[in-house]
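**Student:** would you be able to build a 3D model of this:
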Amino acid sequence: MKKKRFTEEQIVLILKEYEGGREIKDLCRELGVTSTTFYNWRKKYSGMDYSQLKRLKELEAENRKLKQMYADAALDNMALKDVISKKW
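**Tutor:** Next up is the predicted model:
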């Protein structure tokens, strides 16, 4: 997986600069990113502050953990159904 160049906190600060009146093309040139990347950041992180970003990361981690737990339980359930359905 490709290493991220900017952390989420840095991206939020960059978006705050944009909201403060800086031009997109100037920010992109200064940071060395494309305008497409900037617009993706804006779509994902716009209007967030650090506490909201931290909460988002916590929720994403919890969601990932719950999905893994569900997958494990579903796999166990399928295995038990296979054992029960076999005729002895």
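**Student:** mean confidence for the helix ranked longest in the chain?
**Tutor:** Of all segments of type helix in the chain, defined using DSSP state H, the longest is helix 50-85. Averaged across helix 50-85, the pLDDT comes to 93.
**Student:** go through that helix and flag the buried ones.
**Tutor:** Leu53 (16 or more other C-beta atoms under 10 Å). In short, each C-beta sits where N, CA and C put it, glycine included.
**Student:** how about stretch 35-46?
**Tutor:** In stretch 35-46, counting by 16+ other C-beta under 10 Å, buried: 38, 41-42, 45.
**Student:** got it, and stretch 13-28?
**Tutor:** In stretch 13-28, counting by 16+ other C-beta under 10 Å, buried: 14-15, 18, 27-28.
**Student:** and which of these is nearest to Lys81?
**Tutor:** Of all the buried residues of stretch 13-28, Leu15 has the smallest distance to Lys81: 49.3 Å, by C-beta to C-beta.
**Student:** distance of the closest one relative to Tyr70?
**Tutor:** Separation of Leu15 from Tyr70 (C-beta to C-beta, to the nearest Å): 34 Å.
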